[in-house]
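Enquirer: Can you look at this prediction? I've put the sequence above it.
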Amino acid sequence: MKATFIYFFLPLFFLPSFSYTQKWLAKQFQLNTYPSTSQPPSNGVFQIRHRDVNEEHILWLGTSKGIASSSDGARTFTHYRSNNAFVKDGIFSLAILGDTIWSSMGYSKDFQDGEVQTGAGYAYSTDNGISWKHKSQTLDGRYDDSIRYGNNVLEILPVVVPEQNVTYDVSIAPNGTVWISSWASGLRRLRSYDDAQWERVLLPPDFLNKLSPDSSYSFYYDPRPYNNIKAFSVFAVNDSVVWCGTAGGINKTTNANDSFPRWIKYSHQNQASPILGNWVIAIDRQYYFSTTDTVDRIWCTNWRAEDFDEDYGVSYTEDDGTTWNNLLHGIKSYDFAFKDSIAYVASDDGLFRTSDGGRTFARTSDIRDHLGNIIATRAFFSVDVINDTLYCGTGDGFVKSIDNAFHPFGHVWEIVRTYEKLGAKNSTYSYPNPFSPQMEITRIHFSTIEKNGDVTIEIFDYGMHRVRTLIRNAPRTSGNEFDEIWNGEDDNKRIVANGVYFYRVIIGDDEPMWGKVLVLQ
């Protein structure tokens with residue numbers, strides 16, 4: 001009965017021994033207002049997937065403010081935030097197969113002197129979003145302290161609270177089985193949507209490189225000491241082959257539909273040509289026909305776990321995990337997208353593109369659209385591609401780009417950002433407000449409804465001393481709304497002190513518009 005005591009101490013015991021900074025904790029530049037159908041739910045876009053059935057392309061976004069879909073190339077969006085199945089706004093994972101969509105939800109809960117990520121269950125649809133159902137976060141019963149694996153009966157740690165139990169990834173196999181990876185709950189599957197309980201699927205603990213129901217075991221199955229039981233990513237290639245990424249490596253089974261799947265573990269420590277780092281938060285497949293062969297690659301992102309010999313980057317295998325090619329050393333990456341031989345990698349240091357298996361890479365530079373709007377972060381968290389169009393998610397907005405022979409990669413961008421439309425002259429606001437310059441920027445939003453004009457924006461302190469000129473006599477076209485960014489610095493590039501600041505927007509010879517912003521460190 002020793003496992004029952006975990007009911008009281010689970011959040012403490014599951015705090016990882018290495019630094020835990022996931023993409024969903026990134027600061028987002030967003031409003032609290034509900035956006036229009038021409039805008040995504042939030043400027044924090046962390047999941048992008050698309051449905052491709054009978055040449056119909058429907059784009060799905062998972063954001064910090066819920067899910068949305070678009071059937072017209074992200075010109076308009078359908079929002080689902082108000083549906084009762086979505087009990088929390090934060091979308092941590094998104095998976096699509098035909099008309100079936102699964103998403104997991106989570107939120108940050110105050111805990112002692114900080115916050116702990118907490119699972120909030122799942123929303124799923126089997127009719128392409130027309131209707132949705134909710135399923136509670138996967139939890140064990142308090143006395144679920146044993147499990148059968150082959151002829152073995154193993155003691156296990158029951159996971160009975162949602163803290164540190166967010167589901168970070170979902171994958172749907174062709175036969176409909178839903179696979180989920182969660183920090184505390186590990187890897188689980190649901191073979192019938194009517195089942196009340198997710199089925200726990202055992203992975204090799206850290207001291208084993210394989211797990212087979214034909215072998216005898218007597219260990220205690222507990223994620224606290226074993227990083228390879230803490231699951232972060234999952235990808236079902238088909239009904240039989242499933243890959244699972246953990247904080248201890250990447251695992252593969254070829255009999256995923258059996259009662260007791262066999263697993264082999266690949267880590268940075270147990271192979272001659274290993275993955276870069278053991279913490280694997282994303283797995284995807286690149287499959288295409290070349291002029292001479294069929295190319296089939298499994299890609300994964302790599303983060304450093306506990307071994308200082310590990311590194312950030314990405315790895316891929318073309319021989320089912322026997323050897324790995326390591327790329328983008330030192331780059332913290334989050335997501336993949338593929339178009340035949342072209343691979344895109346979303347990372348902290350921009351969006352990378354390779355068409356030759358990683359021998360060479362191109363990378364995005366500054367993201368700026370034709371109106372002069374910019375993305376104020378280098379980090380890309382999600383990416384997808386439909387035909388020649390790239391769709392990318394950042395913490396500062398949703399961006400689109402064309403990548404083909406006529407429009408080279410990264411040259412032309414369209415920024416789709418959520419904001420409260422002004423719709424009238426002589427109106428402005430800033431967001432977020434208040435803001436902390438050490439963590440974020442603030443945007444000064446204004447409109448040029450009636451006419452073209454040169455725009456000047458200045459920042460003043462409480463004593464009305466000018467501390468910063470953001471732009472001076474910058475041309476802006478009529479009939480549009482714009483953002484200008486203030487990073488909290490004065491004209492000498494020093495961070496200003498805490499307090500109230502005023503900004504002035506002058507458009508041509510019109511009367512100035514004034515706003516107020518609060519700086520809080």
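Expert: Yep, that arrived.
Enquirer: mind listing the helices for the stretch 1-150 of the chain?
Expert: In the stretch 1-150 of the chain, the helices defined using DSSP state H, counting those that start in this stretch lie at 6-13.
Enquirer: For it, just list every one of the strands.
Expert: With strands called from DSSP state E, counting those that start in this stretch, the stretch 1-150 of the chain shows them at 45-53, 56-63, 66-70, 78-79, 91-97, 100-111, 114-125, 133-135, 146-149.
Enquirer: Now do the last one: everything it contacts.
Expert: Right, strand 146-149. Strand 146-149 has contacts (C-beta atoms under 8 Å, 6 or more residues apart in numbering) with 153-156, 200, 202, 211, 213, 217, 221, 260. (Each C-beta comes from the backbone N, C-alpha and C, glycine too.)
Enquirer: Let me know the closest of those to Thr317.
Expert: Proximity of these to Thr317 was ranked by C-beta to C-beta; the top entry is Leu211 with 19.6 Å.
Enquirer: From Tyr217, how far off is that closest one?
Expert: From Leu211 across to Tyr217, the span is 8 Å (C-beta to C-beta, to the nearest Å).
Enquirer: Looking at those two, which has the bigger crowd around it?
Expert: Neighbour count, other C-beta atoms under 10 Å: between Leu211 and Tyr217, Leu211 has more, with 22 against 18.
Enquirer: How confident was the prediction at the more buried one?
Expert: Model confidence at Leu211, given as pLDDT, is 98.
Enquirer: and it, what are its bridge partners?
Expert: Trp263 (DSSP bridges).
Enquirer: re the thing from before, any chance of the strands of the stretch 1-150 of the chain in TSV with distance to Ile229 and mean neighbour count as columns?
Expert: Output for the strands of the stretch 1-150 of the chain, formatted as TSV (distance: least, C-beta to C-beta, whole Å; neighbours: other C-beta atoms under 10 Å):
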stretch	distance to Ile229	mean neighbour count
strand 45-53	24	21
strand 56-63	26	22
strand 66-70	29	24
strand 78-79	37	16
strand 91-97	19	24
strand 100-111	19	20
strand 114-125	17	20
strand 133-135	23	15
strand 146-149	12	15
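Enquirer: and those strands as TSV, adding distance to His268 and mean pLDDT?
Expert: Below are the strands of the stretch 1-150 of the chain laid out as TSV (distance: least, C-beta to C-beta, whole Å; pLDDT from 0 to 100):
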stretch	distance to His268	mean pLDDT
strand 45-53	26	90
strand 56-63	30	93
strand 66-70	35	95
strand 78-79	42	94
strand 91-97	25	96
strand 100-111	28	91
strand 114-125	25	91
strand 133-135	35	96
strand 146-149	26	96
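Enquirer: where's Gly249 relative to Gly395, distance?
Expert: From Gly249 to Gly395 the distance is 28 Å (C-beta to C-beta).
Enquirer: Check Asn452 too.
Expert: Applying C-beta to C-beta to Asn452 and Gly395 gives a distance of 32 Å.
Enquirer: and these two? which has more neighbours close in?
Expert: Gly395 (25 against 14).
Enquirer: Ile375 is in contact with that one, correct?
Expert: No: under the criterion of C-beta atoms under 8 Å, Gly395 makes no contact with Ile375, lying 9.2 Å away.
Enquirer: picking up where we left off before, okay if I get the contacts of strand 146-149 as CSV plus distance to Asn492 and secondary structure?
Expert: Formatted as CSV, these follow (distance: C-beta to C-beta, whole Å; DSSP: H, G, I helix; E, B strand; the rest coil):
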residue, distance to Asn492, secondary structure
Val153, 69, strand
Leu154, 64, strand
Glu155, 63, strand
Ile156, 60, strand
Arg200, 58, strand
Leu202, 59, coil
Leu211, 60, strand
Pro213, 68, coil
Tyr217, 65, coil
Tyr221, 58, strand
Phe260, 66, coil
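Enquirer: residue contacts, the closest residue to Pro475 other than its chain neighbours?
Expert: Excluding its sequence neighbours, the residue lying closest to Pro475 (C-beta to C-beta, 6 or more residues apart in numbering) is Asp454, at 5.7 Å. Asp454 is in contact with 473-476, 507-508, counting by C-beta under 8 Å, 6+ apart.
Enquirer: Can you give me every residue that contacts Asn302?
Expert: With C-beta under 8 Å, 6+ apart, Asn302 has these contacts: 275-280, 310-315, 326, 333.
Enquirer: now with 10 Å?
Expert: Contacts for Asn302 (C-beta atoms under 10 Å, 6 or more residues apart in numbering) come out as 245, 249-250, 268, 274-282, 310-315, 324, 326-329, 331-333.
Enquirer: Likewise for Val170?
Expert: 47, 92-96, 101-104, 122, 124, 178-181, 190, 233-234, 236.
Enquirer: Look up how far Asp127 lies from it.
Expert: Val170 is 18 Å from Asp127, by C-beta to C-beta.
Enquirer: Find the centremost residue of this protein, please.
Expert: In the chain, the centroid-proximal residue (C-alpha atoms, centre = their mean) is Phe46; its distance is 3.4 Å.
Enquirer: and the gap between it and Ile147?
Expert: Distance of Phe46 to Ile147, computed by C-beta to C-beta: 33 Å.
Enquirer: ok, now Ile91?
Expert: Distance from Ile91 to Ile147, by C-beta to C-beta: 30 Å.
Enquirer: Check Phe77 too.
Expert: 43 Å.
Enquirer: Likewise for Val467?
Expert: Applying C-beta to C-beta to Val467 and Ile147 gives a distance of 62 Å.
Enquirer: what's the answer for Arg368, then?
Expert: 54 Å.
Enquirer: Equivalent analysis for Gly321, please.
Expert: 26 Å.
Enquirer: Equivalent analysis for Lys65, please.
Expert: 38 Å.
Enquirer: which one of the contacts of Asp454 sits closest to Arg81?
Expert: Arg476 (32.2 Å).
Enquirer: Surely the closest one and Gly453 touch.
Expert: Yes: assessed by C-beta atoms under 10 Å, Arg476 is found in contact with Gly453 at 6.4 Å.
Enquirer: still on that earlier bit, tell me the buried residues within the contacts of Asn302.
Expert: Buried by 16 or more other C-beta atoms under 10 Å: 245, 249-250, 268, 274-282, 310-315, 324, 326-328, 331-333, out of those.
Enquirer: In strands, which of those appear?
Expert: 245, 250, 313-315, 326-327, 333 (DSSP state E).
Enquirer: Overlap in contacts, Arg476 and Gly453.
Expert: 507-508.
Enquirer: that older thread, now for Leu211 and Tyr217: what residues contact both?
Expert: Residues touching both Leu211 and Tyr217 (C-beta under 10 Å, 6+ apart) are 149-150, 202, 204-205.
Enquirer: closest to Phe338 among the residues you listed?
Expert: Pro204 (28.8 Å).
Enquirer: Using the three-state scheme, assign Val500.
Expert: Assigned with DSSP: H, G, I helix; E, B strand; the rest coil, Val500 falls in the strand class.
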